[in-house]
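**Student:** Structure for this input, please:
(2 chains)
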Amino acid sequence: MTAYIQTRFLLVRRSKQIEFALLQEISIRSEGEREVFVSEAMIHFVLLISRQGKVRLTKWYSPYSQKERSKVIRELSGMILTRGPKLCNFVEWRGFKVVYKRYASLYFCMCINQDDNELEVLEIIHHYVEILDRYFGSVCELDLIFNFHKAYYILDEVLIAGELQESSKKTVARLVAAQDSLVEAAKEEAASISNIIAQATK
Amino acid sequence: MYACSEAHPYIRALTPENHKIHRTLSVISSLSSTSASVKPNRTHSSPNPFLTSLQLQPPLPQNLPQISTHLLNFLIYLQSPHPNPIHNPQLTLQINLEQLKTIGRELALGSHGSNFSQSKEFLDLVKSIGEARSKSEEDRIVIREIETLKRRINDPDTPKRKMKEYIIRLVYIEMLGHDASFGYIHAVKMTHDDSLFLKRTGYLAVTLFLNEDHDLIILIVNTIQKDLKSDNYLVVCAALNACCKLINEETIPAVVQQVVDLLGHAKEAVRKKAVMVLHRFFQKSPGSVNHLVSNFQKRLSDNDPGVMGATLFPLYDLITIDVNPYKDLVASFVNILKQVAERRLPKTYDYHQTPAPFIQIKLLKILALLGSGDKKSSEQMYTVIGDIMRKSDTASNIGNAILYECICCISSIQPSPKLLETAADAIANFLKSDSHNLKYMGIDALGRLIQISPDIAEQHQLAVIDCLEDPDDTLKRKTFELLYKMTKSSNVEVIVDRMIDYMISINDNHYKTETASRCVELAEQFAPSNHWFIQTMNKVFQHAGDLVNPKVAHNLMRLIAEGFGEDDDTADSQLRMSAVESYLKIVDEPKLPSAFLQVICWVLGEYGTADGKYSASYISGKLCDVAEAHSSDDTVKAYAVTALMKVYCFEKAAGRKTSLLPECQSLLEELSASHSADLQQRAYEFRAILDLDANAIENIMPLDASCEDIEIDTSLSFLDNYVQKAIEQGAEPYITENERSGTLNISKIRNHNAYENSTHSLRFEAYEVPKPVVPTKIPSTVTYPTDLVPVTATVSEPSYQPSVQPTWPLVPVSDAGSALGSTELKLRLDGVQKKWGKPTYSSGASSSSTSNFELDRTTVNGATKPDTAISKPREPRQSHAEVSEEKQKLAASLFGGRTSRSEKKQSGKVSRTTNHGEDKVQSATVTVPVTTAVQAQPHPPDLLDLGEPVGDTSSYSSTVDPFKQLEGLLDLSQDFNATAAGTSNGPDLMSLYSDTDTNGNPNQNLNPVNGSVNPSKKPALLTKGPSLKDALDKDALVRQMGVNPTGQNPNLFSDLLG
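**Tutor:** From the prediction side, this is the model:
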């Protein structure tokens, strides 16, 4: 019987260590919640935030629930808007990196993976802004506020599924213009589809 | 046509596109309002001819271009620096002021030719949200809007055009973070529409609203299928865009074949998107598109560079997964890269005068994968990488992006000494740069390169320290990452100290945890002394608290218990005593994290009284205090009470008289009535054990035996006699679980009722031995009602739960938790690593410990860690002055000199101060590359990245559109013609404009890549540039929208691209 008791009490002592092991398991599970990203897209989301923290455009390439989205925006605007002008344009956040660039009063932010090339993403942002500028003509924040859907259409031609799909500004501009002219034509209901295509692609 | 419309904003207004008409008009209205205020009372008799024509022509849509022309001319006339003295336009203007305003507004807001296709209502909504002073006000507005939309959107009579606007409004409110799910179905319906106009809006909305697992997706798949077959390539494009977001793993088969067919589409835009969609499919479900891999390779040779560029994405993914099948593509990739670098691609792919940089970067990433550990492939790449590095433009951001990618590639492929040298130079330039971005990249690149060429860190030590002390948190963090990679035993103290200081300073839990675990890892690996290690761990625990991985606490306890694994017992006991002492000091502090308290309790329980310095009552008093102070934390209390038990047991076993402290007594009473079964159990056990005699206690609680193996007699041999007796009396022998389980699992289900019966009463009569039955062969009719119960005399309850080993029924049921845990004992411990300790490991000790511990010791003292391969520090380098002494000290201690290390070896436990002291000797000889570098490379001013917002809408000094400069270069002749056509019937000023535009272009393009304007030219541009008009434009737009530009955000109207 003493053997039993000894085993039992030694187990009590040992079980402390096991509790750690169990705790550890739990903590791993809770860490798992953070890994919501199924895919490995380069850019997880694009955010446009004004200096006042107002959201101007959001595009999510990785799945986030509406609640998470608000949280992400809140967290990031808190981090990015307070950064000084001379600091670097990258912020590490939840194991990802957020690359941002300020244009006038508008911040363009893109969230990327830890091992992506930040400078490249910075230029992707600039690429997008240049295309916007070309489309709107000296684009300003107001253009994006009232024409946010157009900014979305253009973004869809620049990025697809979180990757840069077209690095030629001209190609993007041509495609967007083709869609626009098609829309114009649809409004007037004047021409047949084939005409429109001919017109759009000339 | 496009180029023409880009030529000049005024000309653009004349095109049928009507893109900017509202702005032109609004400029007039704003101008008129200003002039009206200047000269309110004067009248003039001779009306301006332009104005007359305006009055004659009502603002009918068909006349729009004409009207705009007139308005335009009129405007230019107004702006003319030499106004006609006879016809002062400002005077005339005022007569028709109201009229003009109306025209402008109608044109701008009317449905014809308007930039904003939405109604006034929507504009008002956006405006009111823009002006909302607080979040709650904004929420109120949005909620009201949601109500309105709910009502209207469900109205079956809503016209389609209206519906489109409502959908866009839904997108807007969703963007603001509100729930628009009530309208999702309408967005889905809109994708069904035949007109692209509505379809596009529908697709946009659904891609923004729905995640791929949303229920409504199924309603869209059919539409997507239909649209992928459309004749109109724009419809196909829209559908492909939607595919990326909406098609999930289940629905991929429904569309994949169509997408593959589109790879051969005539339009390159479609081919490109199809490639990207397949790439997305591959990411979501590799199996579904595996058979299509060859298609990607085929597309690599597509005529269109865009399609080729897109193909690199799926190929990159494929190569990441398995390099080998793609080795033969190395030559093609190198070839493509060479061609790109030699500017063989169309000019349109140039980005800031760098040839197709994004494609270059992707190719470099692919080459890095292909060349990793492959000498033959790597050798093919050397030339092209060298070429690219030489050619890349270090003044532009994109050039540096390529450089950085080259460095990554070089550090990944088989090293080439020449390339490494180039890479090191590039890194030096990054680190010397003024730009934080480049410093950051430099630190990152350095971290990559030191893995293969550890020496180069030496040259940059001061730059690294500058980054470490930089106020920029991001840079600091990156630098810590670098330090972490280059830690060795000579600099561990400095680095870990710094890391802990940093850890204390940050609030971000994620990075606190990361830094803490890094500190612990480094401390375990390189700790120079016990004392330092314990102190470091205390600090980490105190400040990072419960963010520390519980494994760390476990490791710490084990370390204290096991010591170094050396034969030298005194060192171990010293370690323990220093731990006990430091804990006794800390334990009274408030707000200690739970994990740390657990460690403290455990150590105090085990070793608190070990060397006799502290009395049992002192230790137990402390432990009682802990339990009391943390009464809400059951785990801590459990640790405390077990520790108390140990303390008293040791006392009693040593033959000393012990009496429970009163507070301990009351704690026990409290816990005996605790809600937690665990605590209760511990309390009762405590009492029971105290009643035993000293001999028994010594057996149960041997001193310092926590590391000893508990020999669990799994065969329960001490019961053999008992079993034997039972069998002799006719009991059935025990059947092992393996024999039972096959039968059990099946019949458990089939014969549930019979099974139930058998459990009701224990039957000790002999039954037939169950035949080992192959599960699949069991006929359903056969039942084994009684055979199921494995009857042995010892087992008092049927132990057929497969999860519990047959030996465990001995453990009382109430302790099931810990018993279960114990079964997993070995499994759990295997995961715990021990990296700390001296390299010498005595095999003698291992024999007494479990095999688990042996496992841990295979990773001893960092010798196994690749990071430690960092070479010995170099001898001091060229001398340099002007760097603060402190920095030099730090540099010396981080990068270490040989002398300091040998010193360390002698003394064994060199404190940080002595380290510094002798570093002073070195300080004179430390290199200082930084200070000189600061001025060496002035970074070109980046006007695009405005440090200060251009708030004033009338400031047009620096606004020059880089696009027009680029555009003008491309289509100079068209540009000129278009401008000329526009000026044909206009006044002189127009030609002035066109002159500046066309003449200005060549000049401006002389400037650095990013199109920024040389500051020296600003004065010249002041009066000529298009910015005056732009500014007026925006200002007018503001007034028109009714948004007050002097309100809270004047920046709304400043050009994003400076």
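**Student:** where does the stretch 101-250 of chain B come near chain A, residue by residue?
**Tutor:** The stretch 101-250 of chain B comes close to chain A at residues B:115-116, B:118, B:123, B:126, B:130, B:168, B:171-172, B:174-177, B:179, B:195-197, B:200-201, B:204, B:207-208, B:211-213, B:231-234, B:237, B:241, B:244-245, as judged by Cβ under 8 Å from any Cβ of the partner chain. The way it works is simple: take the backbone N, C-alpha and C, and place the C-beta from them, glycine included.
**Student:** OK, contacts around the spatially most central residue of chain A?
**Tutor:** When Cα atoms, centre = their mean is applied to chain A, the residue found nearest the centroid is A:Phe45 (1.0 Å). Taking Cβ atoms under 8 Å, 6 or more residues apart in numbering or on different chains, we find A:Phe45 in contact with A:Thr58, A:Lys59, A:Trp60, A:Tyr61, A:Ser62, A:Tyr64, A:Val72, A:Met110, A:Cys111.
**Student:** and of these, the nearest to B:Ile388?
**Tutor:** Distance to B:Ile388 across those (Cβ to Cβ) is lowest for A:Met110, with 24.8 Å.
**Student:** Doesn't the closest one lie inside a helix?
**Tutor:** No. Assigned with DSSP: H, G, I helix; E, B strand; the rest coil, A:Met110 falls outside any helix and is strand.
**Student:** Could you give the bridge partners of it?
**Tutor:** A:Val46, A:Val99 (DSSP bridges).
**Student:** and it, what pLDDT?
**Tutor:** pLDDT, A:Met110: 94.
**Student:** what's the answer for B:Val647, then?
**Tutor:** So, for B:Val647, pLDDT stands at 82.
**Student:** same check, this time on B:Tyr203
**Tutor:** pLDDT for B:Tyr203: 91.
**Student:** tell me the contacts of it?
**Tutor:** B:Tyr203 sits in contact with B:Thr191, B:Ala238, B:Ala239, B:Asn241, B:Ala242, where contact means Cβ under 8 Å, 6+ apart.
**Student:** which of these has the most neighbours?
**Tutor:** Within the contacts of B:Tyr203, neighbour counts (other Cβ atoms under 10 Å in any protein chain shown) peak at B:Ala239, which reaches 29 neighbours.
**Student:** so what does the helix or strand where it lies touch, helix or strand wise?
**Tutor:** Here B:Ala239 sits within helix B:233-246, counting by DSSP states H and E. Applying 3 or more Cβ pairs under 8 Å, 6 or more residues apart in numbering or on different chains; DSSP states H and E, one finds that helix B:233-246 contacts helix A:169-188, helix A:193-201, helix B:196-209, helix B:217-228, helix B:252-262, helix B:268-284.
**Student:** Send me that helix as PDB with only the CA atoms.
**Tutor:** These are the backbone C-alpha positions of helix B:233-246, laid out as PDB (Å, rounded to 0.1, in the frame of the first residue of the first chain):
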ATOM      1  CA  TYR B 233     -14.400  40.400 -73.000                       C
ATOM      2  CA  LEU B 234     -15.200  43.000 -70.400                       C
ATOM      3  CA  VAL B 235     -18.000  40.800 -69.100                       C
ATOM      4  CA  VAL B 236     -15.500  38.000 -68.900                       C
ATOM      5  CA  CYS B 237     -13.000  40.200 -67.100                       C
ATOM      6  CA  ALA B 238     -15.700  41.100 -64.500                       C
ATOM      7  CA  ALA B 239     -16.500  37.500 -64.000                       C
ATOM      8  CA  LEU B 240     -12.900  36.500 -63.600                       C
ATOM      9  CA  ASN B 241     -12.400  39.200 -61.000                       C
ATOM     10  CA  ALA B 242     -15.300  37.800 -59.100                       C
ATOM     11  CA  CYS B 243     -13.900  34.300 -59.400                       C
ATOM     12  CA  CYS B 244     -10.900  35.200 -57.400                       C
ATOM     13  CA  LYS B 245     -12.900  36.300 -54.400                       C
ATOM     14  CA  LEU B 246     -16.100  34.200 -54.600                       C
END
